[in-house]
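*Asks:* Quick one, what's the 3D model for this:
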Amino acid sequence: MKNLIAFALLLGIIVAPFVSQAGGKNRVHVVKMERTSCLDHCPWYVVQIFEDGRVTYYGKEGAPRQGYFEAKIDPLEADALMEKFENRKVRNAQDQYNRTMANAAALNFQLGIGEDLEMKTIRQANFGPSYLIDLGKEIDLLLKDVVWQRATKEDNK
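*Replies:* Residues are numbered from 1 along each chain as shown. Presented below is the predicted three-dimensional model:
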């Protein structure tokens with residue numbers, strides 16, 4: 001039994017650097033989500049979530065709050081969200097999906113991936129795979145009870 005535990009520990013020590021290196025290349029560090037307006041007065045807003053738990057918000061037409069706001073969420077929740085994007089391999093998603101309905105709101109994502117924060121943009125994600133819609137709902141749910149503080153544009157970079 002002791003040999004098995006020692007082997008497992010040794011294996012973990014050997015494999016860990018390779019696992020973290022592979023994850024580093026595809027690691028999502030920031031997620032920006034935009035929901036645009038539509039013919040039926042859909043709320044138009046942009047949220048940006050950073051891996052450290054910082055969140056920025058800009059509300060436009062029809063949004064529940066208009067202007068610039070900022071908040072903080074638990075970094076573990078932010079990390080879990082980033083991991084969901086990584087696990088869904090959003091890096092491989094198309095850059096744009098074709099609209100199937102005219103005048104419908106769009107769900108857009110922009111992700112900062114890897115050490116160099118390579119930007120991945122997904123436009124009109126709501127017309128793509130259903131997991132993209134689910135990720136958008138996940139963000140809305142995560143930020144539902146956040147306490148927002150008004151910010152200036154300069155604060156909200």
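*Asks:* quick one, phi psi at the residue most central in space within the chain?
*Replies:* What sits nearest the mean C-alpha location of the chain, by C-alpha atoms, centre = their mean, is Val31, with 3.2 Å. Phi and psi for Val31, reported as degrees, to the nearest 10, are phi -130, psi 130.
*Asks:* And what about the residue nearest to it when sequence neighbours are not counted, helix, strand or coil?
*Replies:* In this structure, Val31 finds its nearest non-sequential neighbour in Ile49, 5.0 Å apart by C-beta to C-beta, 6 or more residues apart in numbering. (C-beta placed from N, C-alpha, C; glycine too.) Put simply, Ile49 is strand when judged by DSSP: H, G, I helix; E, B strand; the rest coil.
*Asks:* How are the strands of the protein distributed by residue range?
*Replies:* Per DSSP state E, the chain carries strands over the ranges 28-35, 45-50, 54-59, 67-72, 107-113, 118-122, 149-150.
*Asks:* So which of the ones you listed is nearest Phe85?
*Replies:* Closest approach to Phe85 among the strands of the chain (C-beta to C-beta): strand 28-35, 4.6 Å.
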